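Trainee: A predicted structure for the sequence below; I have some questions about it.
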Amino acid sequence: MTSGVTVPLPARFGLGPIEVTAIDGKTVTMVALLTQSEFSSDGGCSATITGPASNEPPYVDLTCHTGEKAVFNKMNLKVVGIVKKAAVISIRPAK
């Protein structure tokens with residue numbers, strides 16, 4: 001994926017599409033709409049949850065370095081690698 005790419009996710013994952021907002025060296029920054037209230041992380045990726053606000057739904061800003069992962073709602077996300085400003089990201093159902 002490259003910066004500006006939006007990845008749709010199945011509704012069962014509990015969050016809206018993930019948008020890659022930046023790729024810098026060995027770091028990927030993403031944002032996703034939260035559609036469920038659960039959130040957990042393995043301590044790898046850094047996450048900031050914002051909202052909900054009066055006219056905005058809650059969302060999560062996620063910053064991950066190569067090899068880091070996060071589990072939120074029912075999704076497991078891992079940054080496999082970054083090559084030439086493109087990121088390889090694995091997205092699977094959480095166990």
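Mentor: Ah, there it is. A quick note: this is a predicted structure, and the numbers were derived from the prediction, not measured.

Trainee: give me the average confidence score over stretch 9-19.
Mentor: Averaged across stretch 9-19, the pLDDT comes to 89.

Trainee: give me the beta-bridge partners of residue 71?
Mentor: According to DSSP bridges, the residues that bridge with residue 71 are residue 76.

Trainee: oh, that last question was meant for residue 93, not what I typed.
Mentor: On DSSP bridges, the residues paired with residue 93 through beta bridges are residue 75.

Trainee: contacts only, for it.
Mentor: Residues in contact with residue 93 (C-beta atoms under 8 Å, 6 or more residues apart in numbering) are 12, 13, 74, 75, 76. No exception for glycine: its C-beta is placed from N, CA and C like everyone else's.

Trainee: check residue 52 too.
Mentor: Shown in contact with residue 52 (C-beta under 8 Å, 6+ apart): residue 58.

Trainee: about what we covered before: pull out the buried members of the contacts of residue 93.
Mentor: When burial is judged by neighbour count using 16 or more other C-beta atoms under 10 Å, the buried members of the contacts of residue 93 are 13, 74, 75, 76.
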